[in-house]
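J.: Below are the sequence and a predicted model; questions follow.
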There are 2 protein chains.
Amino acid sequence: MTRKLHLNAFIMGVGHHEAAWRHPRTDPNNVTDVRHYQHIARTAERGKLDSVFFADGVALFGNVRLNAIGTLEPITLLAALATVTEHIGLIATASTTYNEPYTLARKFASLDHISGGRAGWNIVTSASEPEAHNFGIERPDHGDRYARADEFLEVALKLWDSWEDDAVLRDQATGEYADIGKIHEIVHEGAHFKVRGPLNLPRTPQGRPLLVQAGSSEVGKEFAARWAEAVFTAQQTLAEGKAFYADLKGRLARYGRREEDLLVLPGISPFIGSTEAEAKRLEQEFQELINPVYGLAQLSSMLGVEVTESDLDGSLPELPETTEGGKSRFDLVTDLARRDGLTVRQLIGRLAGGRGHRVIAGSPEQIADQIQEWFENGAADGFNVMPPHYPGGIEDFVDHVVPILQSRGLFRTEYEGATLRENYGLERPASRYATPGELVEA
Amino acid sequence: MTRKLHLNAFIMGVGHHEAAWRHPRTDPNNVTDVRHYQHIARTAERGKLDSVFFADGVALFGNVRLNAIGTLEPITLLAALATVTEHIGLIATASTTYNEPYTLARKFASLDHISGGRAGWNIVTSASEPEAHNFGIERPDHGDRYARADEFLEVALKLWDSWEDDAVLRDQATGEYADIGKIHEIVHEGAHFKVRGPLNLPRTPQGRPLLVQAGSSEVGKEFAARWAEAVFTAQQTLAEGKAFYADLKGRLARYGRREEDLLVLPGISPFIGSTEAEAKRLEQEFQELINPVYGLAQLSSMLGVEVTESDLDGSLPELPETTEGGKSRFDLVTDLARRDGLTVRQLIGRLAGGRGHRVIAGSPEQIADQIQEWFENGAADGFNVMPPHYPGGIEDFVDHVVPILQSRGLFRTEYEGATLRENYGLERPASRYATPGELVEA
């Protein structure tokens, strides 16, 4: 079988560009409107995309005075998208720091049942201070968050395995609803969690949700290599993309995993026009709506250093290296500024489209060329598509870019399977508690 | 305006009768099938019922060998029902003991947005030991659970109020997305929670979800009087129903509330036949499917005392009074056994239909008569309808009982409003942070 691209639509309000809500192609009233998200999911499904995905955090970040911030909780929202779609995967972000494993495992298992096997979990550890302050604690440090995350995953996987696939009998005649020999207490006792189990619902169509991750720190990459089945990442150049791809794939063997067990999906934010000039004009319209006050605050947040007083037309000042969590994002931003010799204003403009993800403006063919180049040169198994504006940006991608990728034989024309795992080409895991079948004499 | 009944459909798997899953009118494969629940919700909406409701717990309770236990998490499930209904309220159970206020407030606010103002929260404090053991703690005592619940409600209400109704401006021209003078940190610091806020989404159509509760202990009733807008309760006789109703309504004044601010909805599990004899035959079919081993375990759980070794054909043995939480349920069960002089087997049979809720078998007119009698005699503002089998039991109720209630002028023929609060006849609360409008000179 020819290797195929995988495409995820990263949904964010009315678009990934920070000024999207001000552009005439969007309606900012859509930010909390479920019908808007249903339309996007159906459009992505029309384009045979693998999945849709929502980021999330458990605080009101950034400057809500100037941007469309504050929206629906993703798991709840995805359940509402599950019922109007049939094939597309549904990936929600949730935190291992501010949830309990029993509660979160139950929610994802419920979403997997409701969607017929289309649930995915983007695992985050919640690096920010405002989030900690909504849960009565000081921000735990990077190492502590990942230690908790590792144990959280151990517990969640045990819970998802706690009912074997054939535990439910539903034998109306005998009155045996389940074989309790196939429903297991997990009796987990670790440094962070003590959980008896079993989970209170049967094993799900996928066995467990697809596990997604986006950390780029050393600890984050090791976490991904251990647990993740898809990784969303921000890479600006083909060289960086290849290095990250090789780095991550190279870490899998030590966890007994194969390269094909994890998909690397860099972010790409495409401004699409019928010609390159039209695409650039569209990008320019968005750039002109940027508020530098907002941009400076965003830049400060990405760097982990306060730069709101910087001269917009000077270069980025010398900065102390950040120590907490965001090092990979800090490096990405400072590399970008240095490499292209950007002023602060130009840097803000470059980050406004995708918060450090790659922004490209071009004709459908040019976008497809970029995707093909990375895919065929060891930098990507597919892409995390981040339209600058919604819903128009995904409509344009599905109507104009996807057909080119399909005609080049790079992308599916029909879904391969019924579940997200099947479409991502990943195995359905067996329950760790499953007893091997008895040997039958030939 | 004439006072109208309020009717809630309490959804539970394939029915409230503990042997429902074995009866030919059900399909036990429906227990984890979202389409089953969508059909029930649409049927209830066709009957103009106020709401549907799911109970929940965060452990696998009871004997899954013998009964259809273990199902979908309610908030996630209700989001999937919201998209296939337009009017009916959506009430989910969630625990104050095993959630964090920020997380849960966000989920209910999301459900309220997604459903256009139809979310309700049945507040529970999670009395059981197996639940505690899924969260690494020993079961907190009754008083501690309610103390946490009180503070949880304070925090949740502040979070739901944290965006004033007119905080969102979405002014594309000026670039002002929100008026941050109308988005408030809550800075809550109490014995159980420290939460900075604000919530990370705008105020919801209902301001906050409808608050529902079902505790019947002294502490539980005080909690209801302080917070609840609807109370689900188990009452066996009209006299008991009247006493409970008067008791609860009488507690409201001390919290500055009016009698009409809280609806009392006793449970009723109706076996419906075209004649009384047919209804009784249907009930008998279900009773014959009861497994006494399961029934004894359920009885033990309801009493809080181990009685699995009891003689099925003798009377209930003398029991030590329970101390932990379930006293009202203990009294209900022992009163029932004593009042009607039941053997243990007969008691199990009486509890099998509704776990202590009132079970009645009769023609549609007889069911309607019972509902009317309680409604007009100070025992109920409406009912929590608990069909013994799903979906047939709600279809029968909607097709045969509802039209009688409507023809008697007791029940609506069209929804009064767009939100659950409007249909329950309850006010939409203002945000506590809202600034009174400026006085305008006449």
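T.: Yep, it's here.

J.: quick one: the residue nearest to A:Thr419 when sequence neighbours are not counted from A:Pro391, how far?
T.: Once flanking residues are discounted, A:Thr419 sits nearest to A:Gly117: 3.4 Å by C-beta to C-beta, 6 or more residues apart in numbering or on different chains. Yep, even glycine has a C-beta here, placed from its N, CA and C like the rest. Note on A:Gly117: its distance to A:Pro391, by C-beta to C-beta, to the nearest Å, is 26 Å.

J.: if we can go back for a sec, thinking the residue nearest to A:Thr419 is in contact with A:Arg421, fair?
T.: Yes. With contact defined as C-beta atoms under 8 Å, A:Gly117 reaches A:Arg421; the gap is 7.2 Å.

J.: in stretch A:213-223, what counts as buried?
T.: For stretch A:213-223, the neighbour count (16 or more other C-beta atoms under 10 Å in any protein chain shown) marks A:213-217, A:219-223 as buried.

J.: what's the distance between A:Asn417 and chain B?
T.: Just so we're on the same page, residue A:417 is Gly rather than Asn. 19 Å (C-beta to the nearest C-beta, to the nearest Å).

J.: Assign the residue nearest to that residue when sequence neighbours are not counted to helix, strand or coil.
T.: With sequence-adjacent residues excluded and distances taken as C-beta to C-beta, 6+ apart, A:Gly417 is closest to A:Asn423, at 5.7 Å. Counting by DSSP: H, G, I helix; E, B strand; the rest coil, the backbone at A:Asn423 sits in helix.

J.: out of A:Gly117 and A:Arg421, which sits in the more crowded spot?
T.: A:Arg421 (24 against 21; other C-beta atoms under 10 Å in any protein chain shown).

J.: So what's the residue count around the residue lying closest to that one once chain neighbours are set aside?
T.: Leaving aside its sequence neighbours, A:Arg421 sits nearest to A:Gln206 (C-beta to C-beta, 6+ apart; 5.2 Å). A:Gln206 has 27 neighbouring residues, counting by other C-beta under 10 Å.

J.: Would you check that A:Gln235 makes contact with A:Ala246?
T.: No. A:Gln235 lies out of contact with A:Ala246 (C-beta under 8 Å); the separation is 11.9 Å.

J.: Give me the more crowded residue out of these two.
T.: Applying other C-beta under 10 Å to A:Gln235 and A:Ala246 shows that A:Gln235 carries more neighbours, namely 24 against 13.

J.: quick one, what contacts the residue nearest to A:Gly417?
T.: A:Asn423 makes contact with A:6, A:50-51, A:87, A:89, A:412, A:415-417 under the criterion C-beta atoms under 8 Å, 6 or more residues apart in numbering or on different chains.

J.: Also A:Leu351?
T.: Residues near A:Leu351 by C-beta under 8 Å, 6+ apart: A:295, A:298-299, A:302, A:333, A:336.

J.: can we see that at 10 Å?
T.: With contact taken as C-beta atoms under 10 Å, 6 or more residues apart in numbering or on different chains, A:Leu351 is in contact with A:18, A:290, A:295, A:298-299, A:302, A:332-333, A:336-337, A:342, A:357, A:359.

J.: A:Gly116 too?
T.: Residues in contact with A:Gly116 (C-beta under 10 Å, 6+ apart) are A:82, A:86-87, A:204-206, A:418-420, B:33-34.

J.: and if you look at A:Pro101?
T.: When contacts are taken as C-beta under 10 Å, 6+ apart, A:Pro101 is in contact with A:151-159, A:186, A:188, A:192-193, A:195, A:197, A:199, B:134-136.

J.: Quick check: closest non-adjacent residue to it.
T.: A:Pro101 sits nearest to A:Val155 (C-beta to C-beta, 6+ apart), 4.0 Å away.

J.: Assess the claim that that neighbour and A:His192 are in contact.
T.: Yes. Judged on C-beta atoms under 10 Å, A:Val155 makes contact with A:His192 at a distance of 8.6 Å.

J.: Quickly list what's touching both of these two.
T.: Contact criterion C-beta under 10 Å, 6+ apart; residues bridging A:Val155 and A:His192 by contacting each: A:96, A:101.

J.: before we move on, the earlier item: for the residue nearest to A:Pro101, which three-state class applies?
T.: Secondary structure assignment for A:Val155 (three-state DSSP): helix.

J.: ok, how many other residues are close to the closest residue to chain B within the stretch 151-300 of chain A?
T.: Using C-beta to the nearest C-beta, A:Lys194 is the residue of the stretch 151-300 of chain A that sits closest to chain B, at 3.4 Å. Around A:Lys194 sit 15 other residues, with neighbours defined as other C-beta under 10 Å.

J.: now the one 3 residues further on
T.: Each residue near A:Gly197 was counted by other C-beta under 10 Å, and the total is 25.

J.: about what we covered before: who's in contact with the residue of the stretch 151-300 of chain A closest to chain B?
T.: By C-beta under 10 Å, 6+ apart, the neighbours of A:Lys194 are A:155, A:187-188, B:133-137.

J.: Quick one: the helices in the stretch 151-300 of chain A, in order.
T.: A:218-227, A:238-250, A:276-288, A:292-303 (DSSP state H, counting those that start in this stretch).

J.: Redo those helices as a markdown table? Include mean pLDDT.
T.: Compiled in a markdown table, the helices of the stretch 151-300 of chain A are given as follows (pLDDT from 0 to 100):
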| stretch | mean pLDDT |
| --- | --- |
| helix A:218-227 | 96 |
| helix A:238-250 | 97 |
| helix A:276-288 | 96 |
| helix A:292-303 | 88 |
